[in-house]
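In: I would like the atomic coordinates for the input below:
(4 chains, ligands or ions: 2)
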Amino acid sequence: MKLAVKNQRTKKKFHLRIPSQTEYLEIIREFVSRVARKVGFKEDDASKIELAVDEACTNVIEHAYGGDGKKMIDIAIQVDYPGQKMSIIITDQGRGFDPSKLRAPDMKKYLQEMRVGGLGVYLMQSLMDEINFEVKPGPKNQVKLVKYLMNNQRQK
Amino acid sequence: MKLAVKNQRTKKKFHLRIPSQTEYLEIIREFVSRVARKVGFKEDDASKIELAVDEACTNVIEHAYGGDGKKMIDIAIQVDYPGQKMSIIITDQGRGFDPSKLRAPDMKKYLQEMRVGGLGVYLMQSLMDEINFEVKPGPKNQVKLVKYLMNNQRQK
Amino acid sequence: MNGFEVMRVDNGEVSVLRIKGFLDAHTASDLEREIQRLLDQKRFKIVVNFRELNYISSAGLGVFMGFIEEVRGNKGDIKLTNMTPKIFRVFDLLGFPTLYEIRDDEQQALQSFNNQK
Amino acid sequence: MNGFEVMRVDNGEVSVLRIKGFLDAHTASDLEREIQRLLDQKRFKIVVNFRELNYISSAGLGVFMGFIEEVRGNKGDIKLTNMTPKIFRVFDLLGFPTLYEIRDDEQQALQSFNNQK
Ligand SMILES: Nc1ncnc2c1ncn2[C@@H]1O[C@H](COP(=O)(O)OP(=O)(O)O)[C@@H](O)[C@H]1O
Ligand SMILES: Nc1ncnc2c1ncn2[C@@H]1O[C@H](COP(=O)(O)OP(=O)(O)O)[C@@H](O)[C@H]1O
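Out: Ligands and ions are numbered 1, 2, ... in the order given. Now for the predicted structure:
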């Protein structure tokens, strides 16, 4: 996924590429939450976006690249002004997975069984307004996370 | 300038693209200084790198793109481990300029005349170990800023 | 330097871990190591004080999930205190308050351990 | 919200501007506006207190360069106080201490204005 250089008046784009290592999660979070606040999200929503992006990047580091820190994580942010939304697309070229098998865990069952892991996707779904997984030829795996600016009243 | 996805064991790469607007200088500075500290620079050198990169990006915003905020600034960082240095390449596709005409102002004369502006390049030169301007066909204008990790003793 | 610190204070049978900074996939192993050390010393009554923690991701939550069975199997517990609203929200989103005892402060958590005796 | 704030305190003929946050190409115009307002009111004795400023770039330094001639031409001055070492280094790199009076604190700068009378 390449971002075009030219920008329309109604869009803002940001793009970060950073090594696939947990030590940089801190930098990714700081970057994403600062952009979110700059484009108008309140502290509260910015911290939800920050956590959702952390979860997606942690999955890339651990599952897509299996800890290979020489690989890169690609984070593209687009802010659409008339639609008032922020979309974050996290792309990897790693192992891949079947997104159709990804679904929210049954939290009640989860808690009864006291399993470890499997919380990331559930959190992303709870924190964001939209989440979409896509496996593209390349191979490229993408998670798209969307948050609307105007729904600070909504419950999620 | 495109960074290759694969990384060698001896290199680390980071890449940021962000709209050419002064309001994002803050995010650029925070990003660059965090990367610098993560890869081993002391607070003091990290803040020199931060300022030099701010100056280069301010020039892109003001001179290369003349305030057109729809354009993008491209910031590529490479850390070389055996050489122990951090290189930051700031690229624009704007108006361009003749780097050969860029030289350090005579600060004494400068101060006597109390001119406004013209300090950015001087500061970049003072703060970094190497600075190099390049105008490439495209047109692409690049400033490369280099700081060595091991010379915390040096005077500059 | 790592952005995460654990300070341990023993109080009779109970061990308090005061955690600070951020608890993510990078720092979770630091907390894991500290809790493992407690279990190695047969100390199963654990209080984790979140007062100075300013961020947690699912990797951090996973640490507690990883130990809770063993701890409870040894008549101990992991009780959590002093969560900021931001941190509490993450626990709450996942329904963790039904699984973990969350207290306002260390004093309350210590008392609740003592009342169990 | 902007990351930069100016607070003005008048002290007789002298105006003190306490600046806070970061002074870069984005926020320089805020300070410019504040100094222009002083000049419009014929107040040429200016102290700028840097105590809470944590960052300055050449765009920030340029603000002082832009006004110093007019201010001095009107028997005034811009005196700078309470710089942190980090901020002072930037001034120093550019040789600004030969051009501007830099004082430890507001008291010293006020006294130096009074001694000039
Ligand atoms: N980028 C990715 N590449 C490969 N597999 C992924 C990716 N993202 C998620 N997955 C798969 O989805 C599963 C669920 O992820 P998640 O809910 O974050 O829980 P956890 O990471 O704890 O397993 C992972 O175990 C993994 O198999
Ligand atoms: N990226 C760039 N694109 C076009 N011109 C540039 C660029 N960088 C520097 N310049 C030129 O170099 C000059 C000196 O820059 P600098 O020392 O930062 O001072 P100032 O920005 O205050 O003029 C600028 O006035 C401009 O003409």
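In: Tell me the first helix or strand C-terminal of the helix or strand of chain A with the lowest mean pLDDT.
Out: Sorting the helices and strands of chain A by mean pLDDT, DSSP states H and E puts helix A:107-113 at the bottom, at a mean of 66. Using DSSP states H and E, the next helix or strand after helix A:107-113 towards the C-terminus is helix A:120-127.
In: Output that next one in CSV, but only the C-alpha positions, please.
Out: What follows is helix A:120-127, C-alpha atoms only, in CSV (Å, rounded to 0.1, in the frame of the first residue of the first chain):
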residue,chain,number,x,y,z
GLY,A,120,-6.1,-8.2,21.3
VAL,A,121,-8.7,-8.5,18.6
TYR,A,122,-11.5,-8.2,21.1
LEU,A,123,-10.0,-5.0,22.5
MET,A,124,-9.5,-3.5,19.0
GLN,A,125,-13.2,-4.2,18.3
SER,A,126,-14.3,-2.7,21.5
LEU,A,127,-12.2,0.4,21.3
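In: now it, how far from the centre of its chain.
Out: The chain centre lies 10 Å from the centre of helix A:120-127; the measure is CA atoms, centre = their mean, to the nearest Å.
In: Show me what the longest strand belonging to chain C packs onto, helices and strands only.
Out: Longest strand of chain C, by residue count under DSSP state E: strand C:45-56. Counting by 3 or more CB pairs under 8 Å, 6 or more residues apart in numbering or on different chains; DSSP states H and E, the packing neighbours recorded for strand C:45-56 are strand C:14-23, strand C:77-81, helix C:85-93, helix C:106-116. No exception for glycine: its C-beta is placed from N, CA and C like everyone else's.
In: In chain A, where is pLDDT below threshold?
Out: Low-confidence segments of chain A, defined by pLDDT under 70: A:1-9, A:82-83, A:102-108, A:110-117, A:151-156.
In: ok, now with 50
Out: A:1-8, A:152-156 (pLDDT under 50).
In: residues in contact with the residue nearest to the spatial centre of it?
Out: Nearest residue to the geometric centre of chain A (CA atoms, centre = their mean): residue A:53, 3.6 Å. By CB atoms under 8 Å, 6 or more residues apart in numbering or on different chains, the contact list for residue A:53 reads A:28-29, A:32, A:75, A:88, A:90, A:145.
In: Could you do residue C:19 as well?
Out: By CB under 8 Å, 6+ apart, residue C:19 lies in contact with C:4-6, C:31, C:48-50, C:52-53.
In: Ranking by neighbours, what's the top pick from these?
Out: Ranked by the number of neighbours (other CB atoms under 10 Å in any protein chain shown), those place residue C:48 first, at 25 neighbours.
In: quick one on the thing from earlier: can you flag which of the contacts of residue A:53 belong to strands?
Out: Residues of these located in strands (DSSP E): A:75, A:88, A:90, A:145.
In: mind giving me CSV with the residues you listed and columns for distance to residue C:60 and neighbour count?
Out: Shown next, in CSV, are the ones in strands among the contacts of residue A:53 (distance: CB to CB, whole Å; neighbours: other CB atoms under 10 Å in any protein chain shown):
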residue, distance to residue C:60, neighbour count
A:75, 21, 21
A:88, 21, 25
A:90, 20, 23
A:145, 20, 25
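In: And the residues you listed, which is closest to residue D:116?
Out: Nearest to residue D:116 among those is residue A:75, at 56.4 Å by CB to CB.
In: Would you agree the closest one is in contact with residue A:89?
Out: Yes: Residue A:75 is in contact with residue A:89 according to CB atoms under 8 Å; the separation is 7.5 Å.
In: quick one: the longest helix anywhere in chain C near chain A?
Out: What stands out as the longest helix in chain C, according to DSSP state H, is helix C:58-73. Yes: looking at helix C:58-73 against chain A by CB under 8 Å from any CB of the partner chain, the contacts come from C:58-59, C:61-62, C:65-66, C:68-69.
In: Any of these buried? List them.
Out: Among the residues of helix C:58-73 next to chain A, those classed as buried by 16 or more other CB atoms under 10 Å in any protein chain shown are C:58-59, C:61-62, C:65-66, C:68.
In: For the lengthiest helix in chain A, list every residue counted as buried.
Out: In chain A, with assignment by DSSP H, the single longest helix is helix A:43-59. Buried residues in helix A:43-59, counting neighbours by 16+ other CB under 10 Å, are found at A:45-59.
In: wait, what's in contact with the spatially most central residue of chain C?
Out: Nearest residue to the geometric centre of chain C (CA atoms, centre = their mean): residue C:48, 3.2 Å. For residue C:48, the contact set (CB under 8 Å, 6+ apart) comprises C:16-17, C:19, C:64, C:78-81.
In: What of residue C:49?
Out: Residue C:49 makes contact with C:16-19, C:81-82, C:105-106 under the criterion CB under 8 Å, 6+ apart.
In: Specify which member of the residues you listed is nearest to residue B:99.
Out: Residue B:99 lies nearest to residue C:19 out of the contacts of residue C:49, by CB to CB, at 51.1 Å.
In: Quick check: which element contains residue 35?
Out: Just going to use chain A. helix A:25-38.
In: ah, I was thinking of chain C
Out: helix C:28-40.
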